[in-house]
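A.B. asks: Predicted model and sequence follow; I will ask about them next.
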Amino acid sequence: MTSLLTGFASLAAAGALAAAGALAPGAGHPAPRTAIVVDAPAARDGRALVDPRLRTIDADVRLPRSAGEARTDVRYFAAQGYDRVIVAGPRSTAAAAGAQVVRAQDLASALAAVRR
């Protein structure tokens, strides 16, 4: 009898948690996913290979070193259904031809676009 009551209590608790999760603000609406693809040379800061500002943004970052890598990165994010793909640099911008992306002039513009 006790195990039966324990089972019902566990089931009720699981149901309550599921209902609370479904009714929580933002439930069913995942946060928009953003990606940024910036040519590797444009993403450097002096001797640093990666500008420190790229480490603080809420986006997936790729720094392609070639036109082929840029095409692969842009196609990957588009295929994965990212809400926004931001590109900067000549290679990345050229790779985005025909894709729905946000084009930025430089790294600073791309970072500003991520924050919008």
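C.D. replies: Thanks, I have it. Quantities reported herein were computed from a predicted structural model and do not represent experimental measurements.

A.B. asks: tell me the domain boundaries of this structure?
C.D. replies: As given by automatic domain parsing, the domain ranges for the chain are 1-29, 34-115.

A.B. asks: Show the average pLDDT along stretch 96-115.
C.D. replies: The average pLDDT for stretch 96-115 rounds to 89.

A.B. asks: tell me the secondary structure for R53?
C.D. replies: Here R53 is recorded as helix under DSSP: H, G, I helix; E, B strand; the rest coil.

A.B. asks: what about it, how many neighbours?
C.D. replies: Neighbours of R53 under the rule other Cβ atoms under 10 Å: 14. All C-beta atoms are positioned from the backbone trio N, CA, C, and that covers glycine.

A.B. asks: now A99
C.D. replies: The number of residues packed near A99 is 13, by other Cβ under 10 Å.

A.B. asks: Isn't it up against V74?
C.D. replies: Yes - taking contacts as Cβ atoms under 8 Å, A99 lies within contact range of V74: 5.7 Å.

A.B. asks: shared neighbours, the two?
C.D. replies: V85 (Cβ atoms under 8 Å, 6 or more residues apart in numbering).

A.B. asks: which stretches of the chain form strands?
C.D. replies: Assignment of strands within the chain using DSSP state E yields the ranges 34-38, 60-62, 84-88, 102-104.

A.B. asks: Kindly reformat these as JSON lines and extend each row with distance to R116 and mean neighbour count.
C.D. replies: Output for the strands of the chain, formatted as JSON lines (distance: least, Cβ to Cβ, whole Å; neighbours: other Cβ atoms under 10 Å):
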{"stretch": "strand 34-38", "distance to R116": "10", "mean neighbour count": "26"}
{"stretch": "strand 60-62", "distance to R116": "17", "mean neighbour count": "19"}
{"stretch": "strand 84-88", "distance to R116": "9", "mean neighbour count": "25"}
{"stretch": "strand 102-104", "distance to R116": "9", "mean neighbour count": "17"}
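
A.B. asks: Can you add distance to R115 and give these back as JSON lines?
C.D. replies: Supplementary listing: these in JSON lines, determined by distance: least, Cβ to Cβ, whole Å:
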{"stretch": "strand 34-38", "distance to R115": "10"}
{"stretch": "strand 60-62", "distance to R115": "14"}
{"stretch": "strand 84-88", "distance to R115": "11"}
{"stretch": "strand 102-104", "distance to R115": "12"}
